[in-house]
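Student: 3D model of this:
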Amino acid sequence: MTPSVYHTSFLKKIRILFEGDVISDVIRLREEDGHLVDDVVFLALGAGRVAGFRANGMNPLISRNHVDDFDDFNLYALYTRIEKISQGFSEFSVGFSGVLFNPAYNEVVAIFLASEDFSRSVLLAFSVDEVLIFEDCEKADVIRILKSRFLQFKGVDFLIFQRRTGDAGWVNADF
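Tutor: Below you'll find the model as predicted:
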């Protein structure tokens, strides 16, 4: 299948954010009452940069800014204090990217990022109101994880685009 303008735009964002970069940590946020802000996650990248994702229905908002530097997600409109919680993640260089879309709608279901040899990975799965993180899952398990966590996708064949760092473009393929 040829990607739509929506798919192409989102895939370009993922390529620019992650291709050849190092993911050094997963950062979650905790609000003033001690509760996890489960609709936001940041991935720490090389040179002190971040890529942030906020659940916005099935189309996540994306930020390249630290929450304390420039609050792209307007979190301080909801919370008076936000604490960053490091997950203690072992870093890896992104050598493979995969994006899974709902084939019936313009919706991002998940982003799978892995090292070139697939020994390290992170899967970001987007529900309507939260971002789920799965560390070091196998590429072959991504579909099973998504279908077991999201009942609405049990019978769905995801539209999947993937690429290895340095490839000319995204390829429509199965996991």
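
Student: what's the single longest helix in the protein?
Tutor: helix 5-18 (DSSP state H).

Student: can you list the residues that contact that one?
Tutor: Contacts to helix 5-18, defined as Cβ atoms under 8 Å, 6 or more residues apart in numbering, come from residues 3, 45, 51, 62, 64, 94, 97, 99, 101, 106, 108, 111, 113, 159, 161, 163, 170. Every residue, glycine included, has its C-beta placed from N, CA and C.

Student: For the first one, which three-state class applies?
Tutor: When you say that, I think you mean residue 3. The three-state assignment at residue 3 reads coil, by DSSP: H, G, I helix; E, B strand; the rest coil.

Student: what sits against it?
Tutor: Counted by Cβ under 8 Å, 6+ apart, residue 3 has contacts 11, 161, 170, 172.

Student: mean confidence score for stretch 85-100?
Tutor: Taken as a whole, stretch 85-100 carries a mean pLDDT of 95.

Student: got the buried residues for that stretch?
Tutor: 89, 92, 93, 94, 95, 96, 97, 98, 99, 100 (16 or more other Cβ atoms under 10 Å).

Student: Now tabulate these in CSV and tack on secondary structure and distance to residue 25.
Tutor: What follows is those, written out as CSV (DSSP: H, G, I helix; E, B strand; the rest coil; distance: Cβ to Cβ, whole Å):
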residue, secondary structure, distance to residue 25
89, coil, 5
92, strand, 11
93, strand, 14
94, coil, 14
95, coil, 18
96, strand, 19
97, strand, 18
98, strand, 21
99, strand, 22
100, strand, 23
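
Student: Output these in a markdown table, with distance to residue 68 appended to each entry.
Tutor: Shown next, in a markdown table, are these (distance: Cβ to Cβ, whole Å):
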| residue | distance to residue 68 |
| --- | --- |
| 89 | 20 |
| 92 | 25 |
| 93 | 26 |
| 94 | 25 |
| 95 | 30 |
| 96 | 31 |
| 97 | 27 |
| 98 | 31 |
| 99 | 28 |
| 100 | 31 |
